[in-house]
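Peer 1: Here is my input, please return the structure:
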Amino acid sequence: MLGMRRLSIVDLEGGSQPIYNEDGTVAVVFNGEIYNRDPLRDELESAGHSFATDSDTEVLVHGWEEWGQSLPERLNGMFAFAVHDEADDSVFLARDRVGIKPLYVATIGDGVAFASELRQLLRAGVTRDVDPRAVFNFFSVRYTPGSETLLSAVEKVEPGTSLLVTDDGVERRRYWELSPSPVTGSRDAVASRVRDLLEQSVERRLMADVPVGSFLSGGLDSSAIVGLASERYDGDFKTFSVGFRQAAADESEEARFVADHFGTDHHELRVDIDDMDVFSDLVSHYGEPLADPAALPTMLVSEYAANEVKCVLTGEGADELFAGYHRHRNLPKHRRFARHLPGIAFKTAGAVSEGSGPLRRPIRYAASLESDQRAILESARRYSDERVESYLDTDEDPTSSGLAGKVETAMARAEDDTLQRLTAYDVGYWLPDDLLYKVDRASMAASLEARVPFLDHELVEYAYNIPTEYKLAGYKQVLADAVDETVPARILQRDKHGFNVPVSEWFRRDHDAIDAWFTEANVGAAPYLDTDAVFELRRAHRRGSADHGMTLWKVLTYVAWYREFLAED
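Peer 2: A predicted model of the protein is given here:
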């Protein structure tokens with residue numbers, strides 16, 4: 001049985017799903033957009049296929065008939081789709097290369113169930129056992145990385161992966177992954193190529209039969225997208241930003257400056273702790289918990305933007321591809337220095353870091369510099385302000401949970417280069433399982449489609465292989481060089497300003513939306529949490545003797561998710 005609920009963006013009248021081939025023996029349901037629809041359609045029509053709609057979905061039906069399991073390689077877009085072929089009663093599932101669109105699968109009895117949301121699989125009857133390894137990883141990195149979910153019976157189809165389900169079982173195939181292929185040429189030539197690829201990507205993602213706008217933070221990434229899109233968009237280009245009433249977290253002024261510079265129709269939303277009233281809605285929309293505090297303002301600005309447009313461009317992926325985080329600059333430098341230190345220095349630092357106190361994290365980081373593998377693992381765990389073992393009741397560690405293995409998998413896709421290895425982890429796990437999941441769920445809950453120009457696979461493959469010395473010549477230097485004729489100098493000269501939701505401050509204030517979830521009954525019911533330890537962390541945070549804001553946000557998200565999706569009343 002195939003079913004879906006469609007957000008109509010292209011061919012509003014003719015794209016209802018499922019869509020079938022000419023004789024009704026092949027059917028498809030599809031979430032996403034295929035940006036090279038037109039050339040693929042021309043090729044398929046030349047091969048004798050007949051189209052009944054203008055929808056990009058129909059390209060998948062005839063593409064399956066023509067190319068079979070190699071279909072995903074032919075696509076430029078974001079997608080999760082299922083094809084049922086009556087000829088052999090098979091189902092083919094595929095997820096896009098970098099994981100913009102989610103896809104979950106589970107075995108139920110003798111069959112396989114799949115969905116874009118975890119809630120639908122729960123309704124289909126999957127078992128509700130919580131996986132302690134996934135819990136450990138969730139509290140270590142604030143999301144569930146790779147194919148795992150918090151439910152033992154459910155897995156994510158990983159980015160760049162397809163599944164063929166037949167009576168003989170499930171055949172899994174990795175059709176795309178990052179691979180080293182060094183880029184050559186001068187820095188200017190490389191920047192020019194990045195500019196060309198980004199312009200092409202933006203142009204593709206403006207294809208729609210509904211109004212398109214853009215999120216705008218005032219940083220380099222979204223400013224570049226807005227600049228390139230506003231030049232090419234036919235009509236008033238609308239931009240949307242979110243700000244905080246806490247000045248330290250607010251970028252509204254920069255977003256207004258960029259909007260004025262490009263002449264966009266700008267809309268601005270303000271967020272404060274009072275917006276925690278919608279936290280229950282946030283939990284409900286995220287079938288798999290995500291402890292990224294930016295999910296809250298992302299949901300709110302998506303709802304806000306959906307009143308004006310049905311599709312937005314976003315800047316996700318630029319930081320990962322162009323070394324935009326402080327860790328991208330610091331970790332390679334620190335690793336070069338650490339190679340001159342004796343092994344006893346790392347062993348000593350590691351022993352000291354097992355304690356507690358304000359120096360525990362920097363000492364743990366110093367200990368991790370012994371190897372790229374340890375350093376990247378520590379980078380992945382940067383949101384752990386307290387040892388997860390201190391408040392979780394599991395026997396897991398990064399090795400037994402599989403987290404260390406994911407770092408090794410990512411490193412195998414890179415050269416012997418610290419930055420590229422770190423980038424491989426970020427693009428392989430952090431990007432799809434945190435950032436892209438956050439934006440997709442928040443936007444789709446508001447019936448808003450989010451498109452990601454920096455993650456066109458041609459740009460991803462090229463940017464991944466740009467020489468490290470070019471990327472580290474300055475703050476996102478290659479990207480800045482590529483758009484320096486478009487983005488104003490004031491923005492080009494800004495350093496990274498994170499989207500920092502002030503959760504530490506929020507947890508020191510009273511709010512019913514926090515207090516209602518943070519009860520001994522709710523915390524005690526959630527598997528693998530040590531209730532006494534959790535409440536001691538909260539008391540220390542409220543006293544101001546420690547900053548456990550990120551840990552408390554992870555606990556709040558996990559407890560609320562368990563109560564919303566799994567707890568039996």
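
Peer 1: C-alpha only now, for contacts and for neighbours.
Peer 2: Fine.

Peer 1: gap between Leu44 and Phe81?
Peer 2: Distance, Leu44 to Phe81, by C-alpha to C-alpha, to the nearest Å: 19 Å.

Peer 1: Which parts of the chain are strands?
Peer 2: Secondary structure of the chain (DSSP state E): strands at 19-20, 26-34, 77-85, 90-95, 104-108, 111-115, 154-156, 161-166, 169-174, 212-215, 238-244, 265-271, 311-313, 449-451.

Peer 1: mean confidence score for the fifth one?
Peer 2: Going back to what we said before, that points to strand 104-108. Here strand 104-108 scores 94 as its mean pLDDT.

Peer 1: Going by neighbour count, which residues in that strand are buried?
Peer 2: 104-107 (16 or more other C-alpha atoms under 10 Å).

Peer 1: Can you tell me which of those residues is nearest Ser140?
Peer 2: Taking C-alpha to C-alpha as the measure, Ser140 lies nearest Tyr104 of the buried residues of strand 104-108, at 22.1 Å.

Peer 1: for that closest one, which residues make a bridge with it?
Peer 2: In this entry, Tyr104 is beta-bridged to Ala115, Lys156, by DSSP bridges.

Peer 1: wait, it sits on Thr161?
Peer 2: No: with contact defined as C-alpha atoms under 8 Å, Tyr104 and Thr161 do not form a contacting pair (11.9 Å).

Peer 1: Present the strands of the chain as JSON lines; the columns should include distance to Ser280.
Peer 2: Converted to JSON lines, the strands of the chain look like this (distance: least, C-alpha to C-alpha, whole Å):
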{"stretch": "strand 19-20", "distance to Ser280": "35"}
{"stretch": "strand 26-34", "distance to Ser280": "25"}
{"stretch": "strand 77-85", "distance to Ser280": "27"}
{"stretch": "strand 90-95", "distance to Ser280": "29"}
{"stretch": "strand 104-108", "distance to Ser280": "23"}
{"stretch": "strand 111-115", "distance to Ser280": "22"}
{"stretch": "strand 154-156", "distance to Ser280": "23"}
{"stretch": "strand 161-166", "distance to Ser280": "33"}
{"stretch": "strand 169-174", "distance to Ser280": "36"}
{"stretch": "strand 212-215", "distance to Ser280": "24"}
{"stretch": "strand 238-244", "distance to Ser280": "20"}
{"stretch": "strand 265-271", "distance to Ser280": "16"}
{"stretch": "strand 311-313", "distance to Ser280": "25"}
{"stretch": "strand 449-451", "distance to Ser280": "22"}
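
Peer 1: closest one to Arg360 among those strands?
Peer 2: strand 238-244 (30.2 Å).

Peer 1: and that closest one, how far out from the chain's middle?
Peer 2: The chain centre lies 20 Å from the centre of strand 238-244; the measure is C-alpha atoms, centre = their mean, to the nearest Å.

Peer 1: what packs against it?
Peer 2: With contacts defined as 3 or more C-alpha pairs under 8 Å, 6 or more residues apart in numbering; DSSP states H and E, the packing partners of strand 238-244 are strand 212-215, helix 252-262, strand 265-271, helix 295-305.

Peer 1: let's see it at 6 Å
Peer 2: strand 212-215, strand 265-271 (3 or more C-alpha pairs under 6 Å, 6 or more residues apart in numbering; DSSP states H and E).

Peer 1: Could you pull up the contacting residues of Thr418?
Peer 2: Listed by C-alpha atoms under 6 Å, 6 or more residues apart in numbering, the contact set of Thr418 reads Pro332.

Peer 1: circling back to that earlier point, so which of the buried residues of strand 104-108 is the closest to Tyr464?
Peer 2: After measuring these against Tyr464 - C-alpha to C-alpha - the closest member comes out as Tyr104, at 27.1 Å.

Peer 1: That closest one and Phe114 touch, don't they?
Peer 2: Yes: assessed by C-alpha atoms under 6 Å, Tyr104 is found in contact with Phe114 at 5.4 Å.

Peer 1: count of neighbours near the nearest residue to Arg542 once chain neighbours are set aside?
Peer 2: Nearest residue to Arg542, sequence neighbours excluded (C-alpha to C-alpha, 6 or more residues apart in numbering): Arg508, at 5.0 Å. Residue neighbour count, defined by other C-alpha atoms under 10 Å, stands at 16 for Arg508.

Peer 1: For Lys333, see how far away Arg508 is.
Peer 2: Counting by C-alpha to C-alpha - Arg508 and Lys333 are separated by 36 Å.

Peer 1: do Arg172 as well
Peer 2: Distance from Arg172 to Lys333, counting by C-alpha to C-alpha: 39 Å.

Peer 1: Ok, Ser368 next?
Peer 2: 14 Å.

Peer 1: what about those two, which has more around it?
Peer 2: More crowded of Ser368 and Lys333, by other C-alpha under 10 Å: Ser368, with 23 against 13.

Peer 1: how about the helices and strands packed on strand 238-244, which one is nearest Asp54?
Peer 2: strand 212-215 (19.1 Å).

Peer 1: pLDDT averaged over that closest one - what is it?
Peer 2: So the average pLDDT for strand 212-215 ends up being 96.

Peer 1: List of residues touching that strand?
Peer 2: Residues outside strand 212-215 that contact it (C-alpha under 6 Å, 6+ apart): 237-241, 309, 311-314.

Peer 1: Pairing partners for that strand, with directions?
Peer 2: Here strand 212-215 is paired, per DSSP bridges, with strand 238-244 (parallel), strand 311-313 (parallel).

Peer 1: Out of the ones you listed, the one nearest Arg95 is which?
Peer 2: Of the strands paired with strand 212-215, nearest to Arg95 by C-alpha to C-alpha is strand 311-313, at 20.1 Å.

Peer 1: Can you pull out the residues in contact with the closest one?
Peer 2: 212-214, 448-452.

Peer 1: Pick the one among these closest to Leu419.
Peer 2: Nearest to Leu419, judged by C-alpha to C-alpha, of these is Val452 at 22.8 Å.

Peer 1: Please verify my assumption that that closest one contacts Gly317.
Peer 2: No: using C-alpha under 6 Å, Val452 makes no contact with Gly317, being 7.8 Å away.

Peer 1: Poorly predicted segments of this structure, please.
Peer 2: Along the chain, the parts satisfying pLDDT under 70 run over 1-15, 245-250, 355-358, 496-499, 568-569.

Peer 1: which residues touch the residue nearest the centre of it?
Peer 2: The centroid of the chain falls nearest to Leu436 when counting by C-alpha atoms, centre = their mean (2.3 Å). Neighbouring residues of Leu436 by C-alpha under 6 Å, 6+ apart: Ile100.

Peer 1: ok, the residue nearest to Asp393 when sequence neighbours are not counted to Pro211 distance?
Peer 2: Closest residue to Asp393 apart from its sequence neighbours, by C-alpha to C-alpha, 6+ apart: Tyr528 at 4.7 Å. Remark: distance between Tyr528 and Pro211 (C-alpha to C-alpha) = 46 Å.

Peer 1: now Asp234
Peer 2: Asp234 is 10 Å from Pro211, by C-alpha to C-alpha.

Peer 1: More neighbours: those two, which one.
Peer 2: Per other C-alpha under 10 Å, whichever of Asp234 and Pro211 has more neighbours is Pro211, with 19 against 11.

Peer 1: Which residue is the nearest non-sequential neighbour of the more buried one?
Peer 2: According to C-alpha to C-alpha, 6+ apart, the nearest residue to Pro211 is Val309 (5.0 Å).

Peer 1: is it true that that neighbour touches Val210?
Peer 2: No: Val309 is beyond contact range of Val210, at 7.3 Å (criterion: C-alpha under 6 Å).

Peer 1: So between these two, which is more surrounded?
Peer 2: Val309 (20 against 14).

Peer 1: How is this protein divided into domains?
Peer 2: Recorded structural domains for the chain (assignment: automatic domain parsing) are 19-174, 187-271+287-322+425-492, 327-422, 503-565.

Peer 1: Need those domains in TSV (columns: distance to Asp277).
Peer 2: Output for those, formatted as TSV (distance: least, C-alpha to C-alpha, whole Å):
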stretch	distance to Asp277
domain 19-174	22
domain 187-271+287-322+425-492	10
domain 327-422	24
domain 503-565	6
